[in-house]
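S.K.: predicted coordinates and the sequence they were generated for:
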Amino acid sequence: MIKSAQRESENGLPWINPVGGLGDQLMLSGVLKLAHDQDPTKRYNLVRRTNYTAILGGHPAIATVGHPPKDAEVLGVDYWGMEPLGPGPQRAFQVLARSFGVEMPAEERLYVPGGVERDEFLESIIPWKSHNVLIAPASDSPRKVLHPMAWHRLVDLLHQSGFFVAQVGRLRDLRIRNAYSLLGLTTPRQLIGLLPRADVVVTLDSFILHACHLVGAPTVAIWGATRNQVYGYPGQTHIQMPRMCQLGPDEDCIDTARNRDGTVYGTPCPMGEKHCIDQVRIESIVDAVKEKLVSGKQRSAGALTT
């Protein structure tokens with residue numbers, strides 16, 4: 001039985017069954033920390049899921065990690081099915097926080113138990129240059145993905161502008177030509193710790209987007225099937241591509257109404273070459289990276305003079 005997270009199970013602490021991607025778990029972790037800080041008596045049991053303990057393990061709001069009994073009540077954390085998503089109070093983080101009784105509006109502060117640690121050995125083997133870009137081209141949904149040829153061209157143009165480019169992600173991700181590959185070499189926590197080493201991170205709507213917000217890494221995010229007003233964060237540079245299909249500006253092709261059975265999320269865009277995100281000008285991404293680099297230097301210079 002699924003019920004609101006504001007109520008506790010009659011048989012002890014309520015259970016949370018994490019669903020979604022690692023980015024969803026970063027949001028969940030942040031919401032749980034806000035709820036626990038607001039009321040330290042709020043604690044939960046976590047259903048053991050292999051992919052998620054890396055983010056949620058050791059959380060102060062988590063009492064135990066294990067397998068719930070047959071008659072246990074499990075709290076819903078699928079924010080995409082709770083309320084309509086949109087800007088402002090209907091942002092994904094706000095909807096999830098509201099379901100846990102967090103005072104509104106909630107500060108969208110993400111959280112990793114134990115803090116973020118940098119892997120000095122990993123950083124020492126990467127051939128950094130004066131200006132460094134990390135790219136994260138992968139997503140679990142093909143509808144969020146920019147065509148590989150676009151990434152190949154982006155890397156070439158960044159190289160021509162003097163940037164070192166490294167690709168981060170999982171071992172099974174498609175490798176982008178001429179990018180220094182770090183695929184499969186990091187755990188989620190190691191990857192989070194690596195992000196601040198880059199001058200700019202170029203990503204899609206993915207775990208990396210949320211991780212960049214967590215550590216304050218300068219970010220250029222490319223959007224198509226989903227909207228930055230719902231999932232992106234202030235301070236990030238958002239390149240939002242208009243829809244080439246019949247969807248309105250406030251609709252997503254993978255929202256709950258169209259992805260109720262979960263099958264649409266994992267399918268390619270039916271628009272083919274008119275896939276919205278593939279209409280992006282690669283030169284505009286390069287320009288955004290350069291602007292982000294300049295603004296970052298200006299902020300650093302300002303901090304030194306104050």
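M.R.: Great, that's in hand. Numbers count the residues shown, from 1 in each chain.
S.K.: you'd agree residue 15 is up against residue 72?
M.R.: Yes - proximity of residue 15 to residue 72 meets the contact threshold set by C-beta atoms under 8 Å, at 5.2 Å. Backbone N, C-alpha and C define where each C-beta goes, glycine included.
S.K.: more crowded one of these two?
M.R.: Neighbour totals were compared for residue 15 and residue 72, and residue 15 leads with 20 against 17 (other C-beta atoms under 10 Å).
S.K.: what about that one, distance to residue 94?
M.R.: 23 Å (C-beta to C-beta, to the nearest Å).
S.K.: now do the helices in the stretch 1-150 of the chain.
M.R.: With DSSP state H, counting those that start in this stretch as the definition, the stretch 1-150 of the chain shows helices at residue ranges 22-38, 53-56, 92-99, 120-124, 148-160.
S.K.: nearest approach to residue 287 belongs to which of those helices?
M.R.: helix 148-160 (10.0 Å; C-beta to C-beta).
S.K.: which residues touch the closest one?
M.R.: The set of residues that contact helix 148-160 without belonging to it, under C-beta atoms under 8 Å, 6 or more residues apart in numbering, is 133, 135, 137, 165, 174, 176-179, 202, 278, 280, 282-283, 285-286, 289.
S.K.: can you give me how far the helix or strand following it is from the chain middle?
M.R.: Per DSSP states H and E, the first helix or strand lying C-terminal to helix 148-160 is strand 164-167. Here strand 164-167 shows a centroid-to-chain-centroid distance of 19 Å under the convention C-alpha atoms, centre = their mean, to the nearest Å.
S.K.: quick one: list the elements packing against strand 164-167.
M.R.: Under the contact definition 3 or more C-beta pairs under 8 Å, 6 or more residues apart in numbering; DSSP states H and E, strand 164-167 sits against strand 132-136, helix 148-160, strand 180-181.
S.K.: tell me which of these is the most buried.
M.R.: Taking mean count of other C-beta atoms under 10 Å as the contact definition, the stretch among these with the greatest mean neighbour count is strand 132-136, which reaches a mean of 25.
S.K.: and that strand, which strands flank it?
M.R.: The sheet places strand 132-136 alongside strand 164-167 (parallel), strand 200-203 (parallel), with pairing taken from DSSP bridges.
S.K.: list the contacts for residue 293?
M.R.: 131, 199, 200, 218.
S.K.: okay, now the first one: neighbour count?
M.R.: Looking back up the chat, that one is residue 131. The number of residues packed near residue 131 is 17, by other C-beta under 10 Å.
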